[in-house]
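# Need a 3D model of the following:
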Amino acid sequence: MDFMLERRLFGYLLREVPGLLEASREWAVHDFIDTPVEEMATWEELGTSLSSFLLEVFTYQVLQKAMAASPPDVARIRACFGAVEAMLALDDDYLTFAIDQTILEPLLDSREFIALGLRHSLPRTRELALTGFRALGVVLEPAWLSPVRVASAPTADVNTEHPAPLHHIDPEPDATNTPSNDRPGGGTGPYARVVMSGEAGPDRRDGGEALFVYLSTLGGAGHRAHRTMPLLAEALGLDPRPNSMTEHPGAGARLTLASDRRIRLETGDGARHFEGTVDREFVRVATAVAHVVLIVSYLPLPSGVDPSAHIDHTLDQARCSSGRIPLVV
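Coordinates of the predicted model:
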């Protein structure tokens, strides 16, 4: 997804969706962010990412709360789906995938959510939702298939030179917009408790030496790991389907090993990074290999459990995705 387009979407959503700015303020206070949301230009400044923002703030704090109200807040529900329709009209593959995973799939939390979503969404959104629901074998009530809304939503004003975000957006990304990942987790939000570890071990292909790097979510965020971690895997260029192995990830992610035995994993766009420390055996093997096997777990890491043992369990349950990424020493 184009970086500037992603930046502009932040302001667009905060303008167009009632309650989203207030929910973002609450998110920022919860995660001890000092900068007022009104002075931010990107969700990176909010300590999150597009997909995480859509799931944790847009979906959970605004859309689903409007659906759960008694009676449902139809005006707010329609505003949410109007913004979703406008985003889908941009025909961006990453954005479409994020919407499917973070806005539409969570509708499966409740049959009432499914009904409200299908009845108040617009054509593109409804088609994407129905495709996903049917693929999952969801039994749909006939009444849900008669939409209340049939008109198209206005196109999101995010491609113009001045889309009127919260405040001026600099034309180039600024280093201060990159979330801090020096603590476990790579920022706040659903990735704030991601743990990265690494170890040397046998290569399953030929029995030779290999390096493995693991990403797992600590138990506090575990109930959402099955949703958030596939998005992280996809951002790293991996096939997010469980039990998949990507031999040649296309997102440009790489692992760097520094002289102090610290490892740093970066997404290809540089928007997120994770850091950890490895042992001397890892360093020794690193001199002889050009790639590491990255394994992203979709199961929560229980407190006190060794990450390596957890990954073994994850592999046994086929609840992860893997890929080979370049190693830079």
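# My guess is Phe212 contacts Ile295. True?
Yes. Using CB atoms under 8 Å, Phe212 is in contact with Ile295, at 6.5 Å. C-betas here are computed from N, CA, C, even on glycine.
# Could you list the low-pLDDT ranges of the stretch 101-250 of the chain?
Within the stretch 101-250 of the chain, the stretches with pLDDT under 70 are 147, 149-192, 219-224, 227.
# redo that, cut-off 90
For the stretch 101-250 of the chain, applying pLDDT under 90 flags the ranges 101-102, 105, 108-111, 131-196, 202-208, 216-237, 239-243, 248-250.
# thinking again about what came up before, quick one: common contacting residues for Phe212 and Ile295?
Common contact partners of Phe212 and Ile295 (CB atoms under 8 Å, 6 or more residues apart in numbering): Ile311.
# Show me the domain layout of this structure.
3-169, 181-328 (automatic domain parsing).
# possible to save those domains as a markdown table with mean neighbour count?
Shown next, in a markdown table, are those (neighbours: other CB atoms under 10 Å):
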| stretch | mean neighbour count |
| --- | --- |
| domain 3-169 | 18 |
| domain 181-328 | 18 |
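# Wait, Leu55 touches Asp100, no?
No. Checked against CB under 8 Å, the pair Leu55 and Asp100 is beyond contact range at 11.5 Å.
# now the helices for the stretch 201-329 of the chain?
225-235, 280-286, 307-316 (DSSP state H, counting those that start in this stretch).
# Output those helices as CSV; include the columns distance to Ala251.
Below are these laid out as CSV (distance: least, CB to CB, whole Å):
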stretch, distance to Ala251
helix 225-235, 7
helix 280-286, 22
helix 307-316, 21
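# Those: which one's closest to Arg124?
helix 225-235 (20.6 Å; CB to CB).
# Show me the contact partners of that closest one.
49, 51-52, 55, 97-98, 101-102, 105-106, 190-191, 194, 215, 217, 221, 239-240, 251, 267, 271-272, 296-300, 319, 321.
# sorry, back to before: among the helices of the stretch 201-329 of the chain, single out whichever gets nearest to Leu5.
It is, among the helices of the stretch 201-329 of the chain and with distance given as CB to CB, helix 225-235, at 15.8 Å.
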